[in-house]
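Visitor: Quick one, structure for this:
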Amino acid sequence: MITPEQSQALARDIKTWGEELGFAQVAITDVDLQQHGERLVEWLKKGYHGEMAYMADHDDMRYRPEKLHPGTFRIITLRMDYMAPEVETIRVLNNPNQAYISRYALGRDYHKLMRKRITQLGKKIEHAISELDLAPNFRAFVDSAPVLERGLAQKAGMGWIGKNAMLINPKAGSYFFLGELFTNLPLPLDDPYQDMNCGSCTACITECPTGAIVDNHVVDGRKCISYLTIELKTAIPEALRSKMGNRIFGCDDCQLCCPWNKFTKASQEQDFTPRHNLDTATLLELFAWDEKTFLAKTQGTPIRRAGHERWLRNIAVALGNAPHAQEIIIALNDKASFNSPLVQEHVNWALQQQLQKPS
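Guide: Coordinates of the predicted model:
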């Protein structure tokens, strides 16, 4: 058995160990996600998940953590900041010939990095309680299973869920990843974050290029550029293409305009440093990558999941949105017979856009 005093001391140690492993914040909550589960069910009923069928899978397991990992009594939530130092955002976004990639995806894929660290934390806890009469039961999660991570983080006191449905921390903004360690240990709970400090601000709603934020905390995923460029496997709806600008993988607009992100802290994690100049590359540079180059350059990054075909699809749209240029027309014509109906459709659309613009 573990006494209340031992539990309190263990919770303090867990937070210290988490920080030593590179996490900016560690907090503890329980498994009651009923309120967040009700919101998820309503969101799914409206079809806002689009082609993300996995969001509707697993019945109520997504908001019943004890079903996902039997025996779970507490959940340790962990935050890791990802914005690398000196990475430009607005200047790149405002240059239509440059490729804008969501800043979380410029470096190493966070999934493996964080899961390894969280697993290490679990082993530290296991070692610490080895002398107690307990049978530890842990499982690490990082955005790879049906877990309502933002709901858990809000309940653990890490921040509030903003109008853009992102978790916002009053001292760190929203440029961070979340991970969880499910455990059966009777740890003390942190107080949930109750206040919703967005106030009357509607910047994210106003600035969303496609109008995807349809209500407070509610995003219609089918319109979100992150969904369109990453999750959507079919053609991008033609009505949305011109609104995508030069965003070829993900979108940060609702974060870039958020006043709370003035508190963003640069990540000290070297693995999040941009690779292969992906933070400054031009559209034409990236459009020229063949599949072999794409696989080599995106190895170990989140971008790999889009695949070469959708990578070209996304860049073709961005080239269609760029100012008229002969080199763009040449590059598009070179891909006009690419062995993919999906790519061909978007290349042809882009060519039409280019040819309609003044030279």
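Visitor: where does the nearest residue to residue 180 once chain neighbours are set aside land on pLDDT?
Guide: Leaving aside its chain neighbours, residue 180 sits nearest to residue 141 (4.6 Å; criterion: C-beta to C-beta, 6 or more residues apart in numbering). No exception for glycine: its C-beta is placed from N, CA and C like everyone else's. If you check residue 141, the pLDDT there is 94.
Visitor: What's the separation between residue 141 and residue 248?
Guide: 29 Å (C-beta to C-beta, to the nearest Å).
Visitor: More neighbours: these two, which one.
Guide: In terms of neighbours (other C-beta atoms under 10 Å), residue 248 is the more surrounded of residue 141 and residue 248; the figures are 30 against 23.
Visitor: Double-check that that one belongs to a strand.
Guide: Yes: according to DSSP: H, G, I helix; E, B strand; the rest coil, residue 248 belongs to a strand.
Visitor: wait, it sits on residue 99?
Guide: Yes: counting by C-beta atoms under 8 Å, residue 248 does reach residue 99; the two are 5.0 Å apart.
Visitor: any common contacting residues for the two?
Guide: Contact with both residue 248 and residue 99 is made by residues 283, 286, 315, 318, according to C-beta atoms under 8 Å, 6 or more residues apart in numbering.
Visitor: can you pull the contacts of the second one?
Guide: This means residue 286. Contacts of residue 286 by C-beta under 8 Å, 6+ apart are 99, 248, 311, 315.
Visitor: now do the last one
Guide: Shown in contact with residue 318 (C-beta under 8 Å, 6+ apart): 96, 99, 244, 245, 246, 247, 248, 283.
Visitor: out of those, which one sits closest to residue 31?
Guide: residue 247 (36.6 Å; C-beta to C-beta).
Visitor: Tell me what that closest one is bridged to.
Guide: Per DSSP bridges, the residues bridged to residue 247 are residue 100.
Visitor: distance of it from residue 142?
Guide: From residue 247 across to residue 142, the span is 24 Å (C-beta to C-beta).
Visitor: contacting residues for the closest residue to residue 359 other than its chain neighbours?
Guide: In this structure, residue 359 finds its nearest non-sequential neighbour in residue 324, 5.2 Å apart by C-beta to C-beta, 6+ apart. Residues near residue 324 by C-beta under 8 Å, 6+ apart: 354, 357, 358, 359.
Visitor: what's the spacing between residue 324 and residue 332?
Guide: Counting by C-beta to C-beta - residue 324 and residue 332 are separated by 12 Å.
Visitor: Then residue 196?
Guide: 45 Å.
Visitor: ranking the contacts of residue 324 by neighbours, who comes first?
Guide: residue 354 (21 neighbours).
Visitor: quick check, that residue in a helix?
Guide: Yes: Residue 354 forms part of a helix when assessed by three-state DSSP.
Visitor: got a list of what it touches?
Guide: If you count contacts by C-beta under 8 Å, 6+ apart, then residue 354 has 319, 320, 322, 324, 325, 328, 329, 332 around it.
Visitor: And the last one, how close does it get to residue 207?
Guide: When distances are taken as C-beta to C-beta, residue 332 and residue 207 turn out to be 29 Å apart.
Visitor: low-confidence ranges in this protein?
Guide: Across the chain, nothing is flagged by pLDDT under 70.
Visitor: Which segments of it make up each domain?
Guide: 4-85+104-183, 203-356 (automatic domain parsing).
Visitor: that older thread, nearest to residue 43 among the shared contacts of residue 248 and residue 99?
Guide: residue 318 (28.8 Å).
Visitor: which non-adjacent residue is nearest the closest one?
Guide: Nearest one to residue 318, counting by C-beta to C-beta, 6+ apart, is residue 246 at 4.6 Å.
Visitor: Make sure that neighbour is actually in contact with residue 100.
Guide: Yes: between residue 246 and residue 100 there is a contact under C-beta under 8 Å: 5.0 Å.
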